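give me the fold of what follows.
(chains A, B, C and D)
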Protein chains: 4
Amino acid sequence: MFSVSREIRFGDCDPSGIAYFPSYLNILNGVVEEFWGGMGFPWHDLIAVRKIGTPTVHLNCDFSRPSVFGDLLTFDLCVRQVGRTSLRFAHVVSGADGIRWKARQTVVATSTASHRSIPWPDDIRDALEKHVHAEDAMLPSAG
Amino acid sequence: MFSVSREIRFGDCDPSGIAYFPSYLNILNGVVEEFWGGMGFPWHDLIAVRKIGTPTVHLNCDFSRPSVFGDLLTFDLCVRQVGRTSLRFAHVVSGADGIRWKARQTVVATSTASHRSIPWPDDIRDALEKHVHAEDAMLPSAG
Amino acid sequence: MFSVSREIRFGDCDPSGIAYFPSYLNILNGVVEEFWGGMGFPWHDLIAVRKIGTPTVHLNCDFSRPSVFGDLLTFDLCVRQVGRTSLRFAHVVSGADGIRWKARQTVVATSTASHRSIPWPDDIRDALEKHVHAEDAMLPSAG
Amino acid sequence: MFSVSREIRFGDCDPSGIAYFPSYLNILNGVVEEFWGGMGFPWHDLIAVRKIGTPTVHLNCDFSRPSVFGDLLTFDLCVRQVGRTSLRFAHVVSGADGIRWKARQTVVATSTASHRSIPWPDDIRDALEKHVHAEDAMLPSAG
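Numbers count the residues shown, from 1 in each chain, chains lettered A, B, ... in the order given. Model (predicted):
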């Protein structure tokens, strides 16, 4: 599992005082970016050097409790499945009082030239497969 | 069905040259805002005057084809269901070549003071119920 | 002078309830984008076809009155000066009660390949020079 | 002087591949937020507890070199002047090759209720005044 902390910033919140969901997803995208870096494949190299994009093709979010300006959140990411061209993440975002929101995300390896899907190169697939975890490991209550 | 056109802007796109999904969701939120205005309940009044927030509690997106800077997209919104405190939207976003992405979104009426869910007031519920449509009406190929 | 209207959206506002200045500048960038389109040089073609970027090198903003969610603003843009590689805009943003903020912006024509400045091509320069206006024309009180 | 590092993220860049200036300013706002926290006045408390907003009334930016996805930047902030109700910052943003951009920013203490300016409370003024620095200290070449 990959885990990072993020504080909810002024610029992430909306006029009702809570985190704005598009900003949440911008933060989530940054967490995925750090995951790639932590794996040894910095995302900017993936795109600029290896010409591999990883657009999101599916996203499913459940927002159970609001977050407010200044909240410190933990973003936990696990790799659920590595397909031929796809990659499935599960995300759990928690605050001091438990889970705030959860997401499932599927990205697909694409050629940045053609925007068409391509198989994961072997070195990337091997690294990703080492990170496949049971999703239950992310839940605070997993006993 | 409620429908608006949006051009994908420079600021909506990412360094791989396609629409960035958090920006897509920011645009979507603006479409929902226009929907409320078109219904006769401007969102800023809903929040500032009636003290009703409508946070998103569920969001499910399928992105099937990328959009690039300058693409003109049609955002179609239909109300799928009006619950006691909830409201379910279906969104279909199309370009010249057909569907680009689809989303299902559930929002919940909340008190802006307590962030707790509240029943839709009668006037809002009545207006929303007039907009409930079969989702099939949104699909270009629905015959 | 080029002029467009924009309503301040939910997603443009911050938790203190007023327009967030980075969002203001994202809106401003969209106004400049519409200016290019209105001139007959859609920005996406400028970048994708003609390989000309127009990064902002100078920006000077004075925010005199706050805007709130739902405010309808008028964005007035005038071309102050066309240099060999540069272009200077003046922006005035007004609400119902007068000026909310003003900005001066300098952009530079660059090669999207090298990110180095290049002279404006003749057709673009000719079109831009037709839009040079006295800045005073933008002020409501100009008598 | 207050100093933080930030990596330019995928979501901060535009389709020409460089940092988008409204995103730069969103990052800058986060740096100012960290400055307040580092001073012992977390910004969320300033707004939520003490009911003091700090809107930007003036911003002057010079962008001298572009930044690309993955660049690690240093944001240096110094307090130039503490007025009765105002506060002037100077920002210098540098990459490995020197200065990328500089900004001067003036914010004003306001009541979050009335959006009118108010004098800085004594404890905040005292803390701010301890951070007033000669701006030259920020320049790498200051000899």
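
partners of A:W101 in the sheet?
A:F63, A:V93 (DSSP bridges).

I'd say it and A:C61 touch.
Yes - if you go by C-beta atoms under 8 Å, A:W101 and A:C61 touch, sitting 6.1 Å apart. Where C-beta positions appear, they are placed from N, C-alpha and C, glycine not excepted.

the longest helix along chain A and chain C in contact?
As assigned by DSSP state H, the longest helix anywhere in chain A is helix A:21-38. Yes - using C-beta under 8 Å from any C-beta of the partner chain, a contact is recorded between helix A:21-38 and chain C, made by A:P22.

okay, the angle between that helix and helix B:21-38?
Taking axes from the mean of the first three to the mean of the last three C-alpha atoms, to 10 degrees, one finds helix A:21-38 and helix B:21-38 inclined to each other by 170 degrees.

buried residues in helix A:21-38?
For helix A:21-38, a neighbour-count test (16 or more other C-beta atoms under 10 Å in any protein chain shown) marks A:21-37 as buried.

filter the residues you listed down to the ones close to chain B.
Near chain B, by the rule C-beta under 8 Å from any C-beta, you find A:F21, A:P22, A:S23, A:L25, A:N26, A:N29 out of the buried residues of helix A:21-38.

now do the contacts for the residue nearest the centre of chain A.
By C-alpha atoms, centre = their mean, chain A has its centre lying nearest to A:V32, at 3.9 Å. Residues in contact with A:V32 (C-beta atoms under 8 Å, 6 or more residues apart in numbering or on different chains) are A:W43, A:L77, A:F89, A:Q105, A:V107.

relative to B:Y24, how far out is it?
As judged by C-beta to C-beta, to the nearest Å, A:V32 and B:Y24 stand 16 Å apart.

same check on A:L59?
10 Å.

hang on, the earlier thing: hmm, which two among the contacts of A:V32 are most spread apart?
A:W43 and A:Q105 (14.6 Å; C-beta to C-beta).

show me what from chain A comes close to chain B.
By C-beta under 8 Å from any C-beta, the residues of chain A that approach chain B are A:15-18, A:20-23, A:25-26, A:29, A:47, A:53, A:55-64, A:66, A:112, A:115.

pull out the buried residues from these.
A:15-18, A:20-23, A:25-26, A:29, A:47, A:53, A:55-63, A:66, A:112.

for the nearest residue to A:C78 once chain neighbours are set aside, which residues are in contact?
Of all residues not flanking A:C78 in the chain, A:H133 sits nearest, at 4.4 Å (C-beta to C-beta, 6 or more residues apart in numbering or on different chains). The contact partners of A:H133, taken as C-beta under 8 Å, 6+ apart, are A:M1, A:C78, A:V79.

so how do I select the buried members of those residues in ChimeraX?
Filtering those down to the buried ones (16+ other C-beta under 10 Å) takes a single ChimeraX command:
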select /A:78,79
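
just the ones of the contacts of A:H133 in strands?
A:C78, A:V79 (DSSP state E).

which one of the contacts of A:H133 sits closest to D:L128?
A:M1 (41.7 Å).

read off the pLDDT value for that closest one.
Looking at A:M1, its pLDDT is 86.

overlap in contacts of A:L59 and B:Y24?
B:F63.

show me the helices in chain A, by range?
A:21-38, A:43-48, A:122-129.

alpha carbons of the second one, as CSV, please.
This file holds the C-alpha atoms of helix A:43-48, laid out as CSV (Å, rounded to 0.1, in the frame of the first residue of the first chain):
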residue,chain,number,x,y,z
TRP,A,43,5.3,10.2,-14.2
HIS,A,44,7.0,13.1,-16.1
ASP,A,45,9.5,10.5,-17.5
LEU,A,46,6.7,8.1,-18.3
ILE,A,47,5.1,10.8,-20.4
ALA,A,48,8.0,12.8,-21.8
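
CSV for the contacts of A:V32, including distance to C:E129 and neighbour count?
Shown next, in CSV, are the contacts of A:V32 (distance: C-beta to C-beta, whole Å; neighbours: other C-beta atoms under 10 Å in any protein chain shown):
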residue, distance to C:E129, neighbour count
A:W43, 42, 23
A:L77, 53, 24
A:F89, 52, 23
A:Q105, 49, 23
A:V107, 47, 18
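
okay if I get these as CSV plus distance to A:G70 and pLDDT?
Below are those laid out as CSV (distance: C-beta to C-beta, whole Å; pLDDT from 0 to 100):
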residue, distance to A:G70, pLDDT
A:W43, 28, 94
A:L77, 23, 97
A:F89, 27, 98
A:Q105, 26, 98
A:V107, 30, 98
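
out of these, who's nearest chain D?
A:W43 (6.1 Å; C-beta to the nearest C-beta).

my read: that closest one touches A:V31, true?
No - applying C-beta under 8 Å as the test, A:W43 and A:V31 come out as separate, 11.4 Å apart.

how many neighbouring residues does A:R84 have?
11 (other C-beta atoms under 10 Å in any protein chain shown).

residues contacting it?
A:P119, A:W120.

show the pLDDT at it.
98.

and A:V108, bridged to which residues?
A:S86.

separation between it and A:S117?
For A:V108 relative to A:S117 (C-beta to C-beta), the value is 5 Å.

mutual contacts of those two, please.
With C-beta under 8 Å, 6+ apart, A:V108 and A:S117 have common neighbours A:T85, A:S86.

which of those two has more residues huddled nearby?
A direct count of neighbours by other C-beta under 10 Å for A:V108 and A:S117 places A:V108 higher, at 20 against 16.

list the contacts of that one.
Applying C-beta under 8 Å, 6+ apart to A:V108 gives the contacts A:T54, A:P55, A:V57, A:T85, A:S86, A:L87, A:S117.

hang on, the second one packs against B:C61?
In this case it means A:P55. No - in terms of C-beta under 8 Å, A:P55 does not count as a neighbour of B:C61; the distance is 11.9 Å.

so what sits against both of the two?
B:F21.

which non-adjacent residue is nearest A:T54?
A:V107 (4.4 Å).

that neighbour: what's it in contact with?
Contacts of A:V107 (C-beta under 8 Å, 6+ apart): A:V32, A:T54, A:P55, A:T56, A:V57, A:S86, A:L87, A:F89.

nearest to chain C, of those?
Nearest member of the contacts of A:V107 to chain C, counting by C-beta to the nearest C-beta, is A:P55, at 18.5 Å.
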